[in-house]
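> Structure for the following, please:
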Amino acid sequence: MKTQLSPLQFNCLPSANSDDETVPAPDRAVPSFSSRIRKRGAMKLTDFSTRLEGWYVRKTVRFFSRRPIEIKSEHPIISFTFDDFPQSALKTGGPILKKYRAAGTYYAAFGLMAKSSPTGFIFTPEDLPELLQQGHELGCHTFAHCDSWRTDPAVFEQSILDNRKALERLAPGVTFQSFSYPISVPNRSSKSRTSQHFACCRGGGQTFNVGTTDLNYLYAFFLEKSRDNPKAVHDLIDENRRRNGWLILATHDVCEAPSPFGCTPDFFEDIVKYAADSGADLLPVIEAVRSLSSPPRLRE
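Coordinates of the predicted model:
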């Protein structure tokens, strides 16, 4: 049986997946002790290689194609962001933000529009006017929700352009100003190409931005990783306040039965309230960038 990839697993590059499962013949000999030891050694080496690759991926993105900005603000800044733009992020998360006089940034991949996904039902064209009327920012997440590390850079950039064209058709006059890398950190070339289209690009990192940071890879903290431990988020908000930093909080769906990538309305409201009470300026990503410096000129 063929397995259909979920949108979160979607990769713009074609892959050679096999549906065949190799089953040992019933009369196959039991492997010797020495062969099993060799196999375990090979597995450990593979595991080490995987971890080494992961370390390389995480580290290299921070050193190349940087666009430094110094975080200098009289007040701490907090931005709330939603990847994939599930409908619940607007219908449920939006009113919570409005209650505390805040607006968020919704990163949309138009190739997922009006489809069911692991994060719930994705936004429809009718949701766009509501989002904009409420003062939220609409950000780019590529058209096809491309894997930022594994996708060929040219294909990745084309998906950005395809997303821009889709936005122009559905919301003339509206433009993307900020970007969120889907699935993983970007490779060196994709990071460089992407930075030419946006005032800033957001990644992960589970921390906040302070001192000199990189507009081409802003740090963010994914709420779902601590949705059973709100104090961990409170502590981060407190530290962001003490250091007058810029904390970007990210999630996906906001509903009573959230996906592994989302959170409940009660948890989300607790975090928004705590953020508002911290005295931070609650700003969409692009407004935070503008409050810190003049945005770079974008490629037409």
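
> residues contacting Leu132?
By Cβ atoms under 8 Å, 6 or more residues apart in numbering, the residues touching Leu132 are Leu138, Ala171, Val174. Where C-beta positions appear, they are placed from N, C-alpha and C, glycine not excepted.

> If any of those residues are buried, give me the PyMOL selection for them.
In PyMOL, this line selects whichever of these come out buried by 16 or more other Cβ atoms under 10 Å:
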select buried, resi 138
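
> Dump the contacts of Leu132 to CSV, plus pLDDT, distance to Arg241 and secondary structure.
Rendered in CSV, the data for the contacts of Leu132 read as follows (pLDDT from 0 to 100; distance: Cβ to Cβ, whole Å; DSSP: H, G, I helix; E, B strand; the rest coil):
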residue, pLDDT, distance to Arg241, secondary structure
Leu138, 98, 28, strand
Ala171, 96, 35, coil
Val174, 96, 33, coil
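
> Between the contacts of Leu132, which sits nearest Leu282?
Leu138 (17.5 Å; Cβ to Cβ).

> Quick check: beta-bridge partners of that closest one?
Tyr106 (DSSP bridges).

> OK, contacts around it?
So, once contact is read as Cβ under 8 Å, 6+ apart, Leu138 ends up touching Thr105, Tyr106, Ala108, Leu128, Leu131, Leu132, Leu167, Ala171, Val174, Phe176.

> I figured the fourth one hits Leu170, correct?
The one in question is Leu128. Yes. The criterion here is Cβ atoms under 8 Å, and Leu128 meets it with Leu170 at 6.1 Å.

> neighbour count winner among those two?
Using other Cβ atoms under 10 Å, the more surrounded residue of Leu128 and Leu170 is Leu128, with 20 against 15.

> Quick one: residues contacting the nearest residue to that one once chain neighbours are set aside.
For Leu128, ignoring the flanking residues on the chain, the nearest one in space by Cβ to Cβ, 6 or more residues apart in numbering is Ala171 at 5.3 Å. Neighbouring residues of Ala171 by Cβ under 8 Å, 6+ apart: Leu128, Pro129, Leu132, Leu138.

> The third one - that's part of a helix, no?
This means Leu132. Yes. Judged by DSSP: H, G, I helix; E, B strand; the rest coil, Leu132 forms part of a helix.

> quick one, helices of the stretch 151-300 of the chain?
Applying DSSP state H, counting those that start in this stretch to the stretch 151-300 of the chain gives helices spanning 153-170, 188-195, 230-242, 265-277, 285-292.

> any chance of those in a markdown table, with mean pLDDT too?
A markdown table is the format used below for the helices of the stretch 151-300 of the chain (pLDDT from 0 to 100):
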| stretch | mean pLDDT |
| --- | --- |
| helix 153-170 | 98 |
| helix 188-195 | 95 |
| helix 230-242 | 97 |
| helix 265-277 | 98 |
| helix 285-292 | 96 |
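
> Of those, which is nearest Leu218?
Nearest to Leu218 among those is helix 285-292 (7.7 Å), distances taken as Cβ to Cβ.

> Which elements pack onto that closest one?
Using 3 or more Cβ pairs under 8 Å, 6 or more residues apart in numbering; DSSP states H and E as the contact test, the elements touching helix 285-292 are strand 68-70, strand 77-83, strand 137-140, strand 178-180, strand 200-205, strand 246-251.

> I'd like to know which of those strands is closest to Leu218.
Taking these one by one with Cβ to Cβ, strand 200-205 is closest: 4.7 Å.

> and the angle from the closest one to helix 188-195?
For strand 200-205 against helix 188-195, the angle by axes from the mean of the first three to the mean of the last three Cα atoms, to 10 degrees is 140 degrees.

> Show me what strand 200-205 packs onto, helices and strands only.
If you count contacts as 3+ Cβ pairs under 8 Å, 6+ apart, strand 200-205 packs onto strand 178-180, helix 188-195, strand 218-222, strand 246-251, helix 285-292.

> Also compute the angle for the last one relative to strand 246-251, please.
This means helix 285-292. Using the same axes, to 10 degrees: helix 285-292 against strand 246-251 is 180 degrees.
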